[in-house]
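Novice: how would this look folded up:
(chains A, B, C, D, E and F)
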Protein chains: 6
Amino acid sequence: MKLLLLNPNITEAVTATMAAEARRSASPGTEIIAVTARFGVQYVENRIEAAIASHAVVEALVDNANGMDAAIIAAFGDPGLWAGKELMSVPVIGISEAAFLTAYTLGKRYSVVCLTERLRTWYIESAHEHGLAGRLASVRACDAAPSDITQAKDEMHERLLTQCLAAVEHDGAEVLIVGGGPIAGLARELADRVPVPIIDGVSCAVRMAEALVGLAPRKAIRGSLARPGAKHSRGLAAGLARWVGAGRE
Amino acid sequence: MKLLLLNPNITEAVTATMAAEARRSASPGTEIIAVTARFGVQYVENRIEAAIASHAVVEALVDNANGMDAAIIAAFGDPGLWAGKELMSVPVIGISEAAFLTAYTLGKRYSVVCLTERLRTWYIESAHEHGLAGRLASVRACDAAPSDITQAKDEMHERLLTQCLAAVEHDGAEVLIVGGGPIAGLARELADRVPVPIIDGVSCAVRMAEALVGLAPRKAIRGSLARPGAKHSRGLAAGLARWVGAGRE
Amino acid sequence: MKLLLLNPNITEAVTATMAAEARRSASPGTEIIAVTARFGVQYVENRIEAAIASHAVVEALVDNANGMDAAIIAAFGDPGLWAGKELMSVPVIGISEAAFLTAYTLGKRYSVVCLTERLRTWYIESAHEHGLAGRLASVRACDAAPSDITQAKDEMHERLLTQCLAAVEHDGAEVLIVGGGPIAGLARELADRVPVPIIDGVSCAVRMAEALVGLAPRKAIRGSLARPGAKHSRGLAAGLARWVGAGRE
Amino acid sequence: MKLLLLNPNITEAVTATMAAEARRSASPGTEIIAVTARFGVQYVENRIEAAIASHAVVEALVDNANGMDAAIIAAFGDPGLWAGKELMSVPVIGISEAAFLTAYTLGKRYSVVCLTERLRTWYIESAHEHGLAGRLASVRACDAAPSDITQAKDEMHERLLTQCLAAVEHDGAEVLIVGGGPIAGLARELADRVPVPIIDGVSCAVRMAEALVGLAPRKAIRGSLARPGAKHSRGLAAGLARWVGAGRE
Amino acid sequence: MKLLLLNPNITEAVTATMAAEARRSASPGTEIIAVTARFGVQYVENRIEAAIASHAVVEALVDNANGMDAAIIAAFGDPGLWAGKELMSVPVIGISEAAFLTAYTLGKRYSVVCLTERLRTWYIESAHEHGLAGRLASVRACDAAPSDITQAKDEMHERLLTQCLAAVEHDGAEVLIVGGGPIAGLARELADRVPVPIIDGVSCAVRMAEALVGLAPRKAIRGSLARPGAKHSRGLAAGLARWVGAGRE
Amino acid sequence: MKLLLLNPNITEAVTATMAAEARRSASPGTEIIAVTARFGVQYVENRIEAAIASHAVVEALVDNANGMDAAIIAAFGDPGLWAGKELMSVPVIGISEAAFLTAYTLGKRYSVVCLTERLRTWYIESAHEHGLAGRLASVRACDAAPSDITQAKDEMHERLLTQCLAAVEHDGAEVLIVGGGPIAGLARELADRVPVPIIDGVSCAVRMAEALVGLAPRKAIRGSLARPGAKHSRGLAAGLARWVGAGRE
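Specialist: Down below sits the predicted model:
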């Protein structure tokens, strides 16, 4: 099985961190094809950057879909996710979506811990957009931002743990989610130090993508997930322009 | 990997139907151990029967947990599911929970089709109890009940298809769920005749259980999913009495 | 008027405490018939115990319904309540339901105070299940559990008062509910020491049951509260098996 | 026990109809003191009329509170109800509030049937204002208005029954409420012709007021239901001016 | 353009404060006609006073509507607002409604700061009544009430600033609303001392009223905002009695 | 006052239609500067196209912000709106946001009528994203799509009117919104043929933008609307890259 792991930001080191965690999490026989957005920003943290990333996501999906069994949008907050689901004929899953859904099976209320206050706001909005905020206990950010996003996992380790424990103690979290692509894999390291299940978007997305591939759902030909009709375009990358211009068969 | 498939009603033929679909759906290397409730009713359709079944579920989980990697509560409506999650140290998943969560990844709004009006009410309540009713488009029941629940799959095939098509046409369903253990596997047969993804609780639960086993979440030792303390009991089956009397270590 | 007061746990001393409060609260001419569950646990605190108690409730209702004008399910959290409403042809009311509804008439926002953290989670869920959490200000648990549940009322008196005052001061509670069968009657003792109305599930349920008997609503013959059709069963108590096997006339 | 039954509109014939139903519904020993608003309109149907009626309600409560054990605001839609609760030191209950709360005990979803389309909108808003719309199935109005509001009960009998049956059949109502003071008592007449419980605001309010008097809740001295502080006023009726000017002791 | 600025309380000094802010906020060519309620209380703070004020509002609108292009109900909490919308054929806007809607354009979450705890409860309910509480972060009251409501703006200046800063810091407010007619204009003075937009009900209402006049929406002749039919009345002011008795043409 | 009217799609004829309506709606002294997206599709109808348009919006805002007093994002559904608010230091308003907020002042429930089924789904989601779906009665699409989007206004005139009338009759709409940039101005033409207020996104946005400019809110320097910090980027247009790289001062 081939899973496309698409990093919506432009930082290759983050792609590598996420790909490594994806491979650690995957079943035997699952191949991870990691791709970085052609354009965009260092890491995605706010609505401006998410707007840019959403476009990058649809462009990259068109360019890399060939032969894939499913795709993972690998930025917590899921920029461009539902555009991707509309676009692709195989399953597409986001890392926050996957983590939220997994959390729903493991406890009644979940919390997300993340790196910065600005991400915190975004992740709350992401839970609401998915219709999965009803069981969200809290989103907690570290009290200081990382100096280097590619080193965040090591640098912020203890600060994130502090927030995890506070979420259990004060917010009633029964499941913890470590939110953010650059800290993929951290959940695994903290598991023995927190009293409830702790999960990570990338590993949840890999396992859930495998599950969806196994179920082999058909592509919708009705409703908002069906392939759209053809439209004229201007200024788009060649592949995306062709795709938009072709429309449904 | 060993998955316990627990039928909360007492009808062996329904257990067999669900086990067959579970085996069709499972990954290579996954073993399905199917168990039928020791006490209860023919099939579970209302709150009285669900109350009985919930007790049967906790009794059966205690008696059959040994060596299992995860358990599936295999009655749509998920009687005793959260009691089971509280009880077990491995993942426990319900077939309606699994179907609802899968639906969340495949479209914006989902509908459930089911056999009887009384089930319809229950399934709506089940979606609300899971906090997953926000994207529920409708639950639709057939306009006549099956004469024999063990033959429902064949007997109700066309009536269920009619409701599936109506859910897409009139309710805006973007994903369809065939709800009910006795009709497990029907989704597979209808897939080519409906214009959106159609899924089934048993197959979703099998694949999602595999995913959860792969993620290996720790058992909570805090919050409402932690193992409860010891309590005196009276009139319970031996295994359950022992378990209730032992409490957390 | 005869009111069945059904204790879903097996502790006779708790039955006695609740019956005493019920008799203090009842109108002249109301007779309280107190019954303890045939099987179950010491007191009901979590989903496993509630699953068992729900079964015990339906069994006990069938066995004790004869000649009753209404029934009260007397465990805060209301295990088996809606199964009971479905089963009985006279009104059935739960002690948390009765307290929540009464609170709706006395103030805009209410809080529940209870004995343990685990009960706290249950009572929040109970308010949500009744669709009555929209005006719930908080549920507060004592910071230590009682050493003996049958003595909780005396032992926890001051701790519960502390939580009552905190609910008013910090959570904006305009009505207080003392939650839990074993502490039935405590509200009466604390009334002069709190600045807002304080109520108790048992007394509310008695008065509300009397009101419902006075209104004499007909038993539904349509919808989810109608008596279900007949089903085969296995392993049930004789009375319940007969009832399940008989179905609607 | 003395219950004040306050009609917020100026039509004595409606007061008489409601008082008759209240007396039919009351327990032995309950005395109904019926009062009609000093100023206002023929019957209350919209926000303008409800604004006027709210003022009339607070004026009338001040003037008639003496010696009462509880008060009933007897216009469906409950104009001035929460102002009345804030004002009085004994329980105050509205006829729609009482009907909604009673409905919550008798079925999962309720519908209201009423005389006119304009009332329909108001009653929906009333359910929302009480935080009790979550289980509202529908509000249905007759397809023609009554020619004389004091004869509505006879004139509209069959039209209301039609809407009752439609609410059960099409909206899934498990409880029916006949909404509107002028048709008080109609529920009693229709009970045998509908397949689910059918209730009436006036009778529910009488029985619930009796229950509240029995519980003897203390008057709040904190929060929004406490008696307000003194304020200057201008142009108010003598009793109300005095009350507003006096403030809390 | 002529805007009626209607003060629902009886304090002329508050009318003057609000009129001054309204004139500072208005576009050139907008004339503010300020009117004080004929009857009522010193300032409106609770449900009793709001019930009286609602009546005063409809009376004053009938008496002063002539020649107006729009009307502003100038008490935060909007007593009688929707009655006024139903009554008038030109736009009517409330100062809390205007502030809430403006806040929706300027940030994701807003907080209101106000003078007293009792107002705090009312303003929360007002946001809910408008269906605009979904993005309400908090309502914060000063920890002491003003000694003289007509001097509140000067007296409470620093206390209100403290609450503004706390709302940003602790509640995540992205927009601040200074709530209350007597402190109209304060937002303007605090703007440089808070890190997010801060707005005021009166100025928002003036600008939004101008916008609505510019859009020239037609008066509804269907639905709950249409002019009601004629009704008999008793004890109303002459103008209002005439209006109620006339009904729609 | 200078208002930037930004068309997120690439069709100049649609820009012209919207600019004409904007100028008809504006106050004297308001200048409309109309701009068309540099890249994108013919018209925006689904999530893929909205993802592209969101990027185009932020690029165009950076390039055209200079000297503007406010900006209008002129595609119903508001692609990139909140990114734009985060980016700009002057007010930014979307045409669906403006229409929804205006509708909140004019009636209790509003409906949107639009051209296609796919737009219908988007507009419902847009109302939810704004937190303004609580008072949404329905979104109705024409039963056939326009053959040429630039002629939709004429071609679809009668079909849209049919849906408007149905929304009032069947869905209880008290305000109607004509949704979609290409049909800007249609509301004005239909006003006399519908029984409730009917509004248009472009005119509402122009008037509301003027109101916001008049209120002169400060730019947030805290929270999610503050200008973000600097980030590296790749592959962005020169202006946007400079803006992203500069960060807050």
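
Novice: thought A:Val196 was touching A:Ala173, still the case?
Specialist: Yes - counting by Cβ atoms under 8 Å, A:Ala173 touches A:Val196, with 6.6 Å between them. C-beta: built from backbone N, CA, C; applies to glycine.

Novice: overlap of the contact sets of those two?
Specialist: Residues touching both A:Ala173 and A:Val196 by Cβ atoms under 8 Å, 6 or more residues apart in numbering or on different chains: A:107, B:223.

Novice: neighbour count: these two, which is higher?
Specialist: A:Ala173 (32 against 25; other Cβ atoms under 10 Å in any protein chain shown).

Novice: which helix or strand contains the more buried one?
Specialist: Using DSSP states H and E, A:Ala173 is not contained in any helix or strand.

Novice: for A:Ile198, see how far away it is.
Specialist: The gap separating A:Ala173 from A:Ile198 is 10 Å, by Cβ to Cβ, to the nearest Å.

Novice: ok, is the lengthiest helix in chain A in contact with chain F or not?
Specialist: Assignment by DSSP state H gives helix A:47-64 as the longest helix of chain A. Yes - residues of helix A:47-64 contacting chain F under Cβ under 8 Å from any Cβ of the partner chain: A:47-52, A:54-55, A:57-58.

Novice: could you pull out the strands for chain A?
Specialist: Ranges of strands in chain A, per DSSP state E, are A:2-7, A:31-36, A:40-41, A:70-73, A:92-94, A:110-114, A:136-141, A:175-178, A:198-200, A:233-234.

Novice: quick revisit: from the chain's centroid, how far away is the longest helix of chain A?
Specialist: Relative to its parent chain, helix A:47-64 has a centroid offset of 13 Å by Cα atoms, centre = their mean, to the nearest Å.

Novice: buried residues of that helix, list them for me.
Specialist: For helix A:47-64, the neighbour count (16 or more other Cβ atoms under 10 Å in any protein chain shown) marks A:47-62 as buried.

Novice: looking at these, which one is closest to chain D?
Specialist: A:Arg47 (32.1 Å; Cβ to the nearest Cβ).

Novice: isn't the closest one right next to F:Glu86, touching?
Specialist: Yes - at 5.1 Å, A:Arg47 counts as touching F:Glu86 under the criterion of Cβ under 8 Å.

Novice: mutual contacts of those two, please.
Specialist: The contact lists of A:Arg47 and F:Glu86 share F:Ser224, where a contact means Cβ under 8 Å, 6+ apart.

Novice: contacts made by the helix or strand bottoming out on mean pLDDT in chain A with the rest, please.
Specialist: Least confident helix or strand of chain A, by mean pLDDT, DSSP states H and E, is helix A:152-155 with a mean of 84. Under the contact criterion Cβ under 8 Å, 6+ apart, helix A:152-155 has outside partners A:17, A:115, A:146-148, A:180, A:182-186.

Novice: can you tell me which of those residues end up in helices?
Specialist: Within the contacts of helix A:152-155, residues falling in helices by DSSP H are A:17, A:186.

Novice: which of the contacts of helix A:152-155 lies closest to chain E?
Specialist: Of these, the one sitting nearest to chain E (Cβ to the nearest Cβ) turns out to be A:Leu115, at 17.4 Å.

Novice: okay, now the closest residue to A:Pro217 other than its chain neighbours: neighbour count?
Specialist: Leaving out its chain neighbours, the residue that sits closest to A:Pro217 by Cβ to Cβ, 6 or more residues apart in numbering or on different chains is B:Pro197, at 3.7 Å. The local packing of B:Pro197 (other Cβ under 10 Å) involves 28 other residues.

Novice: rewinding a little: of the contacts of helix A:152-155 - the most surrounded one?
Specialist: Neighbour counts for those (other Cβ under 10 Å) peak at A:Gly180, which has 33 neighbours.

Novice: go ahead and confirm that residue touches A:Leu115.
Specialist: Yes - because the distance of 5.6 Å satisfies Cβ under 8 Å, A:Gly180 is recorded as touching A:Leu115.
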